[in-house]
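1. no sequence on this one, just coordinates:
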């Protein structure tokens, strides 16, 4: 890129300013993203004959129409950020470096995957060009999904087997000092004490740094012990066409959370959103203007982007935000409400996932497969900072202790015993009279008191329907006078 300079000692790139999309003269570097770009565009030792257009082959200036260069640029900037080298002190190195000499022919698909593995990325073909998706921190979610925009099957979750989860990873890398391969062992002591020593051997492609090899091992352990769940679902075309591999998505699934706090928008302005459902019946929205914790409303704008605002008030199904949205969301657009900063019972967040694949199926339906995502994993792997966990469910809350317990004993005869008794001529039926309707007639509410025969009252109250005769329904006669004359006033009821 025209705004990059090469660190001659390490081969890392140092960027300055904003890139205008042009390239300077080619030079050596250890940046894995642009090494892959070079491999894809070279007509001598790469895939240039297959990827470049006829005009680009005739006069190549660094650009390639069928490659998404700004994806490569974003991946390169993340790869060249400085992180701790793993030896303590203030030592730093580029997050990812590519140092390798490829001296033999290889399958193009396999080699591209090996190169992308260096900087934790994956490539895919989209809209006529080869695009890159890198596993790196994102500012916000790209898509929202609830039961309102998926097929009736809902969300299907699967977890990995415990037997496939390693507790020790041995990473093979090339040691430049020894001029030979070396091995870096990374151990999860907690998991090893619990499950025993389960070893996985991996080769860090194009890696010559022990610190980078150690991060590869930590990342592998994290992936196998923490990223153990996948979700699969099918969505409609309006959501499927904007979802891409590598994007982070939010899912509000009442099956996991215990409450429905997401759906479709019934009416909207830039500040007030009327959501579907009836609060307290099929939704659970924390009402009022002051609740002591944070409520955040996520919506999808008309351009497909997700926008979030803190909530100032909720009245019924109308949600008012503190700061206006950029524009009023469309009717039938998606909404999700999150609560954070309160108690465990008050907090309900979305689950987050990174999209692995998007497949177009019959009937304008898109099948999406995604892997569980935790935004704190990057700091955990690179700096040892503890992982944070999203509180997405109330199903784990301990219910209140039961009160007014009563114990009933009911004896019954098994079916084969009943059959034997019937064959012996024993009468096994029993008639039970159950009142269907109780009609009080013209009386006072005193009929419920102890002065009336309780066996009559209790038997009558077993009825499914109780009809009360009410003589007075206004204040022309007071409840006391009605009672004195042996009648019922509406206030007594």
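-> Alright, I've got the coordinates. Everything numeric here is computed off the predicted structure, so don't read it as measured data. Numbers count the residues shown, from 1 in each chain.
2. which element is residue 358 on?
-> Applying DSSP states H and E as the criterion places residue 358 in strand 351-361.
3. Next, the buried residues of that strand.
-> Residues of strand 351-361 classed as buried: 351-356, 358 (neighbour count, 16 or more other C-beta atoms under 10 Å). Glycine gets a C-beta too; all of them are placed from N, C-alpha and C.
4. Using TSV, please lay out those residues together with distance to residue 246 and pLDDT.
-> Listed next are the buried residues of strand 351-361 as TSV, based on distance: C-beta to C-beta, whole Å; pLDDT from 0 to 100:
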residue	distance to residue 246	pLDDT
351	17	97
352	13	97
353	11	97
354	7	96
355	6	96
356	9	94
358	10	93
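5. Next up, the contacts around residue 74.
-> residue 134 (C-beta atoms under 8 Å, 6 or more residues apart in numbering).
6. How about the secondary structure of it?
-> helix (DSSP: H, G, I helix; E, B strand; the rest coil).
7. Against residue 81, how distant is it?
-> 12 Å (C-beta to C-beta, to the nearest Å).
8. Among the buried residues of strand 351-361, pick out the one closest to residue 151, please.
-> residue 358 (14.7 Å; C-beta to C-beta).
9. which residues pair with the closest one across the strands?
-> Here residue 358 sits in beta bridges with residue 368, going by DSSP bridges.
10. I'd assumed residue 244 was in contact with it.
-> Yes: here residue 358 lies in contact with residue 244, judged by C-beta atoms under 8 Å, at a distance of 6.7 Å.
11. show me what contacts the residue nearest to residue 208 when sequence neighbours are not counted?
-> Nearest non-adjacent residue to residue 208, counting by C-beta to C-beta, 6 or more residues apart in numbering: residue 99, 4.4 Å away. Contacts for residue 99 were tallied using C-beta under 8 Å, 6+ apart; they are 11, 30, 174, 176, 206-208.
12. which residues in the stretch 51-200 of the chain form strands?
-> 82-84, 92-94, 121-126, 129-134, 143-146, 156-159, 168-175, 180-187, 199-203 (DSSP state E, counting those that start in this stretch).
13. Name the residues of the second one that are buried.
-> Neighbour-count burial for strand 92-94, counted by 16+ other C-beta under 10 Å, picks out 93-94.
14. That one packs against which elements?
-> strand 82-84 (3 or more C-beta pairs under 8 Å, 6 or more residues apart in numbering; DSSP states H and E).
15. Could you pull out the buried residues of the strand it packs on?
-> Buried residues in strand 82-84 (16+ other C-beta under 10 Å): 83-84.
16. Identify the residues contacting that strand?
-> 91-95, 211, 215, 382-383.
17. buried ones in stretch 150-159?
-> 150, 155.
18. measure it end to end?
-> This stretch, stretch 150-159, spans 21 Å end to end (C-alpha to C-alpha, to the nearest Å).
19. Residue 33 belongs to a helix?
-> Yes: the assignment for residue 33 (three-state DSSP) places it in a helix.
20. Would you mind confirming that it makes contact with residue 132?
-> Yes: look at residue 33 against residue 132 with C-beta under 8 Å: they come within range, at 7.5 Å.
21. For the two, list the residues in contact with both.
-> By C-beta under 8 Å, 6+ apart, the residues touching both residue 33 and residue 132 are 72, 75, 121.
22. where do the helices sit along this protein?
-> For the chain, the helices defined by DSSP state H cover 32-41, 48-51, 54-58, 69-79, 108-118, 189-195, 210-225, 237-240, 254-257, 377-383, 415-423, 454-460, 479-484.
23. elements contacting the fifth one?
-> In terms of contacts (3+ C-beta pairs under 8 Å, 6+ apart), helix 108-118 is packed against helix 32-41, strand 121-126.
24. avg pLDDT for the last one?
-> Model confidence over strand 121-126 averages 87 on the pLDDT scale.
25. Just the residues contacting that strand, thanks.
-> Contacts for strand 121-126 (C-beta under 8 Å, 6+ apart): 33, 75, 112-113, 116, 130-135, 244-246.
26. Out of those residues, flag the one nearest to residue 104.
-> residue 112 (15.8 Å).
27. The closest residue to that closest one other than its chain neighbours pairs with what?
-> With C-beta to C-beta, 6+ apart as the criterion, residue 112 has its nearest non-adjacent residue at 5.8 Å, and that residue is residue 123. For residue 123, the beta-bridge assignment (DSSP bridges) gives partners residue 132.
28. Quickly note the distance from residue 123 to residue 342.
-> 42 Å.
29. More neighbours: which of those two?
-> residue 123 (20 against 16; other C-beta atoms under 10 Å).
30. picking that back up, for the contacts of strand 121-126, pick the one with the most neighbours.
-> Result: residue 33 is most packed of those (other C-beta under 10 Å), 28 neighbours.
31. What residues does that residue make contact with?
-> With C-beta under 8 Å, 6+ apart, residue 33 has these contacts: 72-73, 75-76, 79, 119, 121, 132.
32. 10 Å instead, please
-> 13, 71-80, 96, 98, 115-116, 118-119, 121, 132, 134 (C-beta atoms under 10 Å, 6 or more residues apart in numbering).
33. quick one: the helix or strand of the chain with the lowest mean pLDDT to chain centroid distance?
-> Averaged element by element with mean pLDDT, DSSP states H and E, the chain has its least confident helix or strand at helix 454-460 (a mean of 73). Averaging C-alpha positions (C-alpha atoms, centre = their mean, to the nearest Å) puts helix 454-460 56 Å from its chain's average.
34. That helix packs against which elements?
-> strand 437-439 (3 or more C-beta pairs under 10 Å, 6 or more residues apart in numbering; DSSP states H and E).
35. ok, 7 Å please
-> Helix 454-460 is packed against no helix or strand, with contacts defined by 3 or more C-beta pairs under 7 Å, 6 or more residues apart in numbering; DSSP states H and E.
36. Just the residues contacting it, thanks.
-> Residues from elsewhere that reach helix 454-460 (C-beta atoms under 7 Å, 6 or more residues apart in numbering): 435, 438, 447-448.
37. which of those residues are buried?
-> Listed as buried from those are 438, 447; burial here means 16+ other C-beta under 10 Å.
38. Which ones among the contacts of helix 454-460 lie within strands?
-> The strands, defined by DSSP state E, take in residue 438 from the contacts of helix 454-460.
39. Okay, the nearest residue to residue 376 once chain neighbours are set aside and residue 462: tell me how far apart.
-> Sequence neighbours aside, residue 388 is the residue nearest to residue 376 in space, at 4.4 Å (criterion: C-beta to C-beta, 6+ apart). For residue 388, the distance to residue 462 (C-beta to C-beta) stands at 55 Å.
40. of the contacts of strand 121-126, closest to residue 192?
-> Looking across the contacts of strand 121-126 and measuring by C-beta to C-beta, the closest to residue 192 is residue 135, at 25.4 Å.
41. Leaving out chain neighbours, which residue sits closest to that closest one?
-> residue 120 (4.7 Å).
42. For the chain, give me the ranges with low pLDDT.
-> Within the chain, the stretches with pLDDT under 70 are 449-454.
43. State the phi and psi torsions of the residue nearest to residue 208.
-> Per-residue torsions, residue 99: phi -130, psi 100 (degrees, to the nearest 10).
44. just to revisit the earlier point, would you confirm that the residue nearest to residue 376 contacts residue 378?
-> No: the criterion here is C-beta atoms under 7 Å, and residue 388 misses it with residue 378 at 11.7 Å.
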